[in-house]
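Asker: Fold the stuff below for me.
(2 chains)
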Amino acid sequence: MIPVGALAEIPVGEAVRVLADVPIAVFRVSDDTVYAIDDTCTHQKASLSDGWVEGCAVECPLHASCFDLRTGVPDGPPARTPVRTHQVVVVDGMVYLRVSTGAGQVRAEETEVA
Amino acid sequence: MTIAPPSLINTLPGSSYADPEVFALEQERIFESSWFAVARAADMPTPGKFRTVQVGRESVLLVRDRRGVLRAHLNVCRHRGARLCTEPAGEVRNAVRCPYHAWTYGLDGSLIAAPNLAEMADVDRAEYGLRPVHLREWLGAVWVCLAQRPPSFEDTVMGAVTARLGDADTVEAWGIDRLELGRRIVYDVAANWKLIVENFMECYHCATIHPELTEVLPEFADGFAAQYYVGHGAAFAEDAHGFTIDGGASFPTLSAVDDAHDRRYYAITVNPQVFINLVPDHVIFHRMYPLAVDRTVVECDWLFAPEVVAGGADLSRSVELFHRVNQQDFEACERCQPNMTSRVYDAGGVLVPSEHHIAAFHHWVTEKLAG
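Answerer: Have a look, this model is predicted:
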């Protein structure tokens, strides 16, 4: 698992960018809910961690495709390919990331928040 | 040049009103160097609402950011120079996105995103944010200054209001920032901006071209404008019930306007491009946008008490009076403009005694252009 940092240091509605094999964006969408997806938009190279979170989705800052943070699926063009999702674990106030190996999706309920 | 007798003072020469090179210098040394009223703050009531306005040679983008703070930036993409917003007004959601390569700026002007930006770690997003412009809010208006070091807002803008009304507090009685926009009319005037300022400053023409206005303000028939005095409001005619096209009743006097200022008309010029008229129940706020040596757009707001606007009252008789004055004035300015290049006007015209205070405006312009 990759340490991301203290939960308290990620404001609700914002994201941090973590360098794994590829950049990964970790979003805190509420007090106790954190999601992680590949940071790079599948349409053009934009950093989704620079985008805007609304509910459980992030809007790409460049061309406004919205990716569901739970599934990685974009809501519509110009992006067509989902981004990978990754499992997030919070232990003792620290956020950790388990990078998924394939294109498989990690469902929301598997995210453990302790 | 003929030496004018003491009754007459020379105006600026005709070229000052017609030469594009003079106008280019004015853009640089007056419009881009002074505090310039660009909009009413309430034009951008919520985050993402924007306006674009021309100030001197620059297009300025005004937008309310996500924290509710009004921001002004030059409307130029830092990447390849595209104009970011081309509409005069509108709304964006989270960001200003350049339509050319999608460089994307936060409403606070910072560079948020660009294609492949994440791979250019050496690009400072603050350094390549939009170029900010100084901004102040006063009297419900948004004032910007494009100069790196603006002149004192207190001395120039507030000072002009104080100089006319006699003290700094009087204008507060109208609570202009709390009034609501009842009507806005935009005039596209084929005249040099200085002809419009000079026209607004004097009332020698009032008896000739403003029959409705002189009915309500009889002393204007004598030719002395409110700007001729300090702290003087032109008294309403005894039989006038309000500042309306026919002198009929208008709306209740604004609550903080005292008896000494009731039933009077005050007029203020804030160089280079603002005129403010104060009457008991409303305010008329003109912003001029000089676009060319012979073209000036004037945006005029009629501002009333919130309850008057919210109640859906018929504002037309109040608006019609000064709308008609504006039409009469701008027609007069357009009548002069073509003759600014006449040989007769090479050395300019003259000011009669009731216009002599306009010489102070000419000195102001001349000093500004001298740098």
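
Asker: OK, contacts around the residue nearest to residue B:279 when sequence neighbours are not counted?
Answerer: Computed as C-beta to C-beta, 6 or more residues apart in numbering or on different chains, the closest residue to residue B:279 that is not its neighbour in sequence is residue B:243, at 4.1 Å. Every C-beta, even on glycine, is put in place using the N, C-alpha and C of the backbone. Listed by C-beta atoms under 8 Å, 6 or more residues apart in numbering or on different chains, the contact set of residue B:243 reads B:216, B:236, B:250, B:265, B:279, B:280, B:281, B:282, B:318, B:321.

Asker: Am I right that residue B:188 is in contact with residue B:297?
Answerer: Yes - with contacts counted by C-beta atoms under 8 Å, residue B:188 reaches residue B:297, the gap being 5.4 Å.

Asker: Look at the two and report which has more neighbours.
Answerer: residue B:297 (16 against 11; other C-beta atoms under 10 Å in any protein chain shown).

Asker: Distance-wise, check the more buried one relative to residue B:17.
Answerer: 17 Å (C-beta to C-beta, to the nearest Å).

Asker: Likewise for residue B:207?
Answerer: 24 Å.

Asker: do residue B:136 as well
Answerer: 30 Å.

Asker: So for the two, which sits in the more crowded spot?
Answerer: Between residue B:136 and residue B:17, counted using other C-beta under 10 Å, residue B:17 has the larger neighbour count: 26 against 18.

Asker: how near is residue B:164 to residue B:175?
Answerer: Relative to residue B:175, and taking C-beta to C-beta, residue B:164 is found at 18 Å.

Asker: between these two, which one's more packed in?
Answerer: Using other C-beta under 10 Å as the criterion, residue B:164 and residue B:175 rank with residue B:164 on top: 22 against 18.

Asker: where does the stretch 251-371 of chain B come near chain A, residue by residue?
Answerer: Proximity of the stretch 251-371 of chain B to chain A, by C-beta under 8 Å from any C-beta of the partner chain, involves no residues.

Asker: Mind telling me which residue of chain A is nearest chain B?
Answerer: residue A:61 (3.6 Å; C-beta to the nearest C-beta).

Asker: residues in contact with the residue lying closest to that residue once chain neighbours are set aside?
Answerer: Using C-beta to C-beta, 6+ apart and skipping the chain neighbours, the partner closest in space to residue A:61 is residue B:113 (3.6 Å). Neighbouring residues of residue B:113 by C-beta under 8 Å, 6+ apart: A:46, A:47, A:50, A:51, A:61, A:62, B:95, B:102, B:103, B:104.

Asker: OK, contacts around the third one?
Answerer: In other words, residue A:50. If a contact means C-beta under 8 Å, 6+ apart, then residue A:50 has A:61, B:112, B:113 as its contacts.

Asker: Which one of those residues is nearest to residue B:125?
Answerer: Using C-beta to C-beta, residue B:112 is the member of those that lies nearest residue B:125, at 7.3 Å.

Asker: Burial check on that closest one, number of neighbours?
Answerer: Residue B:112 has 25 nearby residues by other C-beta under 10 Å.

Asker: Same question for residue B:226.
Answerer: 24.

Asker: show me what contacts it?
Answerer: Per C-beta under 8 Å, 6+ apart, neighbours of residue B:226: B:164, B:203, B:232, B:233, B:234, B:265, B:266, B:267.

Asker: Pick out the residue in the stretch 51-200 of chain B sitting closest to chain A.
Answerer: Closest point on the stretch 51-200 of chain B to chain A, by C-beta to the nearest C-beta, is residue B:113, at 3.6 Å.

Asker: picking that back up, just say helix, strand or coil for the residue of chain A closest to chain B.
Answerer: Three-state call for residue A:61 (DSSP: H, G, I helix; E, B strand; the rest coil): coil.

Asker: Helices of the stretch 251-371 of chain B, residue ranges please.
Answerer: B:306-310, B:316-336, B:358-370 (DSSP state H, counting those that start in this stretch).

Asker: most packed of those?
Answerer: Most buried of the helices of the stretch 251-371 of chain B, by mean neighbour count (mean count of other C-beta atoms under 10 Å in any protein chain shown): helix B:316-336, with a mean of 18.
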